[in-house]
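1. Quick one, structure for this:
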Amino acid sequence: MEELHTDRFAELMKEAYLSFAKLSDIGKYFRTYCYRAVQDIDLSLNEIDVLMSLFYAPQKNTVKDISENVCITRGMISQSVESLRRRGLLTVDVNSADRRVLLVALTDAAAPVIAKLTEAESRFTEAILSGIPQDRILKMYDTAEKIHDNKERIRLGDSAE
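-> Below you'll find the model as predicted:
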């Protein structure tokens, strides 16, 4: 019986590995698909992530917030923020409550870029989720959130539930 459990566990580990690889591939292709939509604007993938993070979660508007939202280091986010600020797509202001914290916001000049990106995201999402019932999509979103939360606990050194 224990051998069967071990075989099943090994099979689950294999499936988890292959599923994570597939999800990673989908994420990479999604970023590339969106990048192609704004290729004429010459933005990096990280700059696109900063813009979309601010678009979808404008209240999470510090370098730390954006970094946590898109899972990119603060240093890379800072570089992207500065580049986007120089291009007039973002404003950067000092937080009056804590002068060490910079508050980042989209400018009106970012609107056409955001429009192209959201259109690309919409096309991609519609195509990739085609044929999947809505209840399964919602379960997938829930499951992905739980997996991400578990990953964060592991990252922070607490693997217990």
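
2. On the three-state scheme, the closest residue to residue 45 other than its chain neighbours is what?
-> Of all residues not flanking residue 45 in the chain, residue 31 sits nearest, at 5.2 Å (Cβ to Cβ, 6 or more residues apart in numbering). Every C-beta, even on glycine, is put in place using the N, C-alpha and C of the backbone. Under DSSP: H, G, I helix; E, B strand; the rest coil, residue 31 falls in the helix class.

3. What distance do you get for residue 31 to residue 115?
-> 18 Å (Cβ to Cβ, to the nearest Å).

4. any chance you could map the strands in the protein?
-> Here the chain has its strands, by DSSP state E, at 90-94, 102-106.

5. Out of those, indicate the one that is most buried.
-> Of all the strands of the chain, strand 102-106 carries the top mean neighbour count, a mean of 17, counting by mean count of other Cβ atoms under 10 Å.

6. Looking at it now, give me its mean pLDDT.
-> Throughout strand 102-106, pLDDT has a mean value of 93.

7. and if you look at stretch 151-161?
-> Mean predicted lDDT for stretch 151-161 stands at 76.

8. Over to stretch 62-69?
-> Mean pLDDT, computed over stretch 62-69, is 92.

9. Quick one: the helices in this protein, in order.
-> Secondary structure of the chain (DSSP state H): helices at 2-37, 45-56, 63-70, 74-86, 111-128, 134-155.

10. quick one, the fifth one and helix 2-37 angle?
-> For helix 111-128 against helix 2-37, the angle between stretch directions is 140 degrees (axes from the mean of the first three to the mean of the last three Cα atoms, to 10 degrees).

11. What residues sit buried inside helix 111-128?
-> 113-114, 116-117, 120-121, 124 (16 or more other Cβ atoms under 10 Å).

12. which residues are in contact with that helix?
-> Contact partners of helix 111-128, identified using Cβ atoms under 8 Å, 6 or more residues apart in numbering, comprise 26, 30, 33-34, 36-38, 41, 43, 48, 51-52, 55, 89, 106.

13. Swap in 7 Å and give it another go.
-> Helix 111-128 is contacted from outside by 30, 33-34, 37-38, 41, 48, 51-52, 55, 89, using Cβ atoms under 7 Å, 6 or more residues apart in numbering.

14. Need the CA coordinates for stretch 88-95. CSV is fine.
-> What follows is stretch 88-95, C-alpha atoms only, in CSV (Å, rounded to 0.1, in the frame of the first residue of the first chain):
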residue,chain,number,x,y,z
GLY,A,88,6.0,61.0,-20.4
LEU,A,89,4.0,57.8,-19.7
LEU,A,90,4.2,58.0,-15.9
THR,A,91,4.5,60.6,-13.2
VAL,A,92,6.5,60.0,-10.1
ASP,A,93,5.8,62.0,-6.9
VAL,A,94,7.2,61.8,-3.4
ASN,A,95,4.8,60.4,-0.8
